[in-house]
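> Attaching a predicted model along with its sequence, questions to come.
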Amino acid sequence: MSTKEQRRKLASQKKHKKSQEIRAANYPRPKYSVGNLIQVNDDIMDYDWDDLPLGGWVGKITEIHREQDGPKYDVDWSDETVAKCHPIYEKLAEREGWVFGKYTKLAEKEIHAFTTGEVVLVDPGDVSRYTDRPLDPEDHTDRIRMIFGTKPLEWFPMLDDNEESNTRLLKQYYDYLSEHLPLPFEATYVQRNRGHLVSKQAFAVKALINPDVVKAEDRDGECTGLRCSGLDAAGNLIEVPLQRIDCEDMPHKQLLDDYRSWLGDLSSLFDTFDALWGNG
């Protein structure tokens, strides 16, 4: 990079920083200052583990972020808080590679000033789902963990915007279903739009489509998950997204329900695509 280009880049960075500072100056002013002690309100849950409470936790403010929707505070938890909190919090932080004892971006409405007195933390209750334990085949989340070889304290992998990763995960799920999903079977092909039923028809599932052979894509080229082939109500052989297939017979129902649970929001997103385009 030439000296002239470096100067232009530096000037652009300074201009961007100045613009950010001007915007921040117009955002709501923080109620608290760096160094203040705050306590988390009793009804606040951990951002990452939403059934683990942070209520009662006390910390010292280390940094303030002025944002459009209100100030956010980074804190270091007090020694008393760290000593009293359940060991599961530290264990989860270590597993995720986070620095235990710190927390970022608490909203102003989630905290209040702490002056003095005993630190009383909200009891997290039963934390068995976060402890090392055998995977439970009766729990649908654990059944999905079994497919991907993850432990009770670990999240199972999900589809994202990484094409290579998605292909690998879909192939892994395809291999699992190929082994455990009895074929062929009678089912129902269901289409919904924003959660509302559009149509349903009898569908005879004949085969799963190997993602290594046929890449499952929607009209915009985005991954829609696995597909299957079968006969529709008119006897036509067609391919449809597997998440559109429903069945009341076990074990098909459990396997299909688990798959849709793993697919997550992606499944409801393509309900809308199907309704708009009549996509098979």
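Cool, got the structure. Numbers count the residues shown, from 1 in each chain.

> which residues of the stretch 1-150 of the chain score low on pLDDT?
1-25 (pLDDT under 70).

> how about a cut-off of 90?
By pLDDT under 90, the low-scoring segments of the stretch 1-150 of the chain are 1-27, 47-51, 68-69, 91-99, 115-117, 126-136, 139-142, 150.

> Would you map the strands across it?
For the stretch 1-150 of the chain, applying DSSP state E, counting those that start in this stretch gives strands covering 37-40, 58-65, 72-77, 102-107, 111-113.

> Between the ones you listed, which one is closest to Arg145.
Closest to Arg145 of these is strand 102-107 (Cβ to Cβ; 27.2 Å). The C-beta positions use only the backbone N, C-alpha and C, and glycine is treated the same way.

> picking that back up, now the strands of the stretch 1-150 of the chain as JSON lines including distance to Asp175?
Converted to JSON lines, these look like this (distance: least, Cβ to Cβ, whole Å):
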{"stretch": "strand 37-40", "distance to Asp175": "44"}
{"stretch": "strand 58-65", "distance to Asp175": "45"}
{"stretch": "strand 72-77", "distance to Asp175": "44"}
{"stretch": "strand 102-107", "distance to Asp175": "39"}
{"stretch": "strand 111-113", "distance to Asp175": "48"}
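
> quick one, which of the ones you listed is nearest to Asp136?
In terms of Cβ to Cβ, the element of these nearest to Asp136 is strand 102-107, at 30.8 Å.

> List just the one of the strands of the stretch 1-150 of the chain that sits closest to Arg244.
strand 102-107 (38.9 Å).

> Report the separation between Glu94 and Asp258.
29 Å (Cβ to Cβ, to the nearest Å).

> Also Ala187?
The value you get for Ala187 to Asp258, if Cβ to Cβ is used, is 15 Å.

> Among those two, which residue is more densely surrounded?
Ala187 (21 against 18; other Cβ atoms under 10 Å).

> tell me the secondary structure for Val198?
strand (DSSP: H, G, I helix; E, B strand; the rest coil).

> all helices of this structure, in order?
With helices called from DSSP state H, the chain shows them at 3-25, 79-84, 87-96, 140-148, 163-180, 252-263, 265-277.

> what about stretch 56-72, distance to the chain center?
24 Å (Cα atoms, centre = their mean, to the nearest Å).

> If we go by neighbour counts, what in that stretch is buried?
56-61, 64, 66, 71-72 (16 or more other Cβ atoms under 10 Å).

> Name the nearest residue to Asp136, ignoring sequence neighbours.
Using Cβ to Cβ, 6 or more residues apart in numbering and skipping the chain neighbours, the partner closest in space to Asp136 is Asp142 (4.6 Å).

> Would you check that Leu52 makes contact with Gly125?
No - at 9.1 Å, Leu52 does not count as touching Gly125 under the criterion of Cβ atoms under 8 Å.

> Just want to know which of those two has more residues nearby.
The neighbour comparison of Leu52 against Gly125 (other Cβ under 10 Å) goes to Leu52, with 19 against 10.

> quick one: the more buried one and Arg129, what's the gap?
For Leu52, the distance to Arg129 - Cβ to Cβ - is 10 Å.

> Identify the farthest-apart pair in the buried residues of stretch 56-72.
Among these, Gly56 and Arg66 lie farthest apart (Cβ to Cβ), at 26.5 Å.

> Please put the alpha-carbon coordinates of stretch 245-260 into CSV.
Extracted in CSV, the C-alpha atoms of stretch 245-260 (Å, rounded to 0.1, in the frame of the first residue of the first chain):
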residue,chain,number,x,y,z
ILE,A,245,-43.2,-34.8,5.7
ASP,A,246,-45.3,-35.8,8.7
CYS,A,247,-46.3,-39.2,10.0
GLU,A,248,-48.2,-40.4,13.0
ASP,A,249,-46.6,-43.9,13.1
MET,A,250,-43.6,-44.6,15.4
PRO,A,251,-40.7,-44.7,14.9
HIS,A,252,-41.2,-42.4,11.8
LYS,A,253,-42.9,-39.7,13.8
GLN,A,254,-40.1,-39.4,16.4
LEU,A,255,-37.3,-39.4,13.8
LEU,A,256,-39.1,-36.8,11.6
ASP,A,257,-40.0,-34.6,14.6
ASP,A,258,-36.3,-34.7,15.8
TYR,A,259,-35.1,-33.7,12.4
ARG,A,260,-37.5,-30.7,12.2
